[in-house]
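1. mind folding the following:
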Amino acid sequence: MKIGEFAELNKVTTKMLRHYDEIGLLHPAAVDSMTGYRSYTSEQSHSLNWIMVLKSLNFTLGEIKEFLGGPVDSVILIRQLVRKRIEISSALNEQIHKKMAIDRLINLIEKEGFEMNKTIDLQTIALADVHEIKKNIPNMEMFLENVAGIIARCTYEDIHSVIRFDISHFKQVNDDYGFDVGDKVIVACYQLIEDNIYKQLSHATIGRAHGDEFIVFAKANKDAASLVAQCIIDAMLSFDFSAIGCPKPMSCYIGGLAGPFGKSTDIRVIIEASIETLERARRNGMNSFIIDSYSV
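-> Sure thing, here's the model as predicted:
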């Protein structure tokens, strides 16, 4: 069929199909040598459907071309899909945190004596109250700065750990009980992590990794990281989530890497590598953790 017919059949534009042909993503079944007209077969809709699906998930055209170019390693494909899921969850939960900040700001203004006909000077609100809002806004750059500060105070022989924490089935909490309850679960889990991390480890910092995941960087060897991981799991199991509006008990997965992360190490690489360890813990079932050794 002609390019226009194929485009109409699949609800895309002819311009898009020409671009896909030019970059080698989806070639036409035939090209008329005299006119240069492209023609396609109905079977090619299958490939185009895959392109549209993967594109809607924010994969680049280069990545899609690689996926559809032939058989791919299933482990690599799953890892790519997991990372994409994490990116999407991260964007969603970043908006949740902004909503939480707005809610806190509304409560703060109301506490200051808000009235419809009254003005308010934001500069007069207590510094501690503003800081409380600020510290809950996700900021990976601040986390990385804190990591750099910890590394700067350590020697090359010191062992550090990256510990990744994921709340099990968190999306279902939002779906079943609403985002307000989901917000409270996120905050509760953060506090459980914070309490155990700072109780067990002297040099540590906590941040949001992606979505409903938290990331911890600490001066800690594999044994110390494993101990704190088990303590966090125990705290999750004993916490009464029903008291904050979540009737179902919550669980988690924890994956981590421990090694001599020197001052020249790109911590972003270690953070990325911890995704695979977390996935392995997830396959072991709820409330599982794996802390692996990492060699730079």
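
2. okay, now the unreliable bits of the chain?
-> Within the chain, the stretches with pLDDT under 70 are 86-97, 111-141, 210-211, 262-264, 296.

3. ranges for the strands of it?
-> Taking DSSP state E, the strands of the chain run over residues 30-31, 38-39, 160-167, 204-208, 213-219, 252-259, 288-293.

4. any idea which of the ones you listed gets closest to L108?
-> strand 204-208 (22.1 Å; C-beta to C-beta). For the C-beta atoms, the positions are set from N, CA and C on the backbone; glycine is no exception.

5. quick one: the closest one to strand 160-167, angle?
-> Taking axes from the mean of the first three to the mean of the last three C-alpha atoms, to 10 degrees, strand 204-208 and strand 160-167 form an angle of 40 degrees between their directions.

6. who's in contact with A29?
-> 39-41, 44 (C-beta atoms under 8 Å, 6 or more residues apart in numbering).

7. the helices in this structure, which residues?
-> Assigned by DSSP state H, the chain shows helices spanning 3-10, 14-22, 45-56, 61-68, 74-111, 127-134, 140-152, 170-177, 179-200, 222-238, 267-283.

8. give me the phi and psi angles of the residue in the chain sticking out farthest from the centre.
-> In the chain, the greatest distance from the average C-alpha position (C-alpha atoms, centre = their mean) is reached by M34, at 51.3 Å. M34 adopts backbone torsions of phi -90, psi -50, taken as degrees, to the nearest 10.

9. same deal with D158?
-> Dihedral pair for D158: phi -70, psi 140, per degrees, to the nearest 10.

10. residues near it, how many?
-> 16 (other C-beta atoms under 10 Å).

11. what's the spacing between N174 and K219?
-> N174 sits 35 Å away from K219, going by C-beta to C-beta, to the nearest Å.

12. F214: how many residues sit nearby?
-> 24.

13. need the contact list for it.
-> Contact analysis of F214 by C-beta under 8 Å, 6+ apart lists 164-165, 189-190, 193, 206-208.

14. how about 7 Å then?
-> 165, 190, 193, 206, 208 (C-beta atoms under 7 Å, 6 or more residues apart in numbering).

15. what do you get for I275?
-> Residues counted as contacts of I275 (C-beta under 7 Å, 6+ apart) are 82-83.

16. got the domain ranges for the protein?
-> By the record's domain assignment, the chain is partitioned as 3-68, 74-131, 138-293 (automatic domain parsing).
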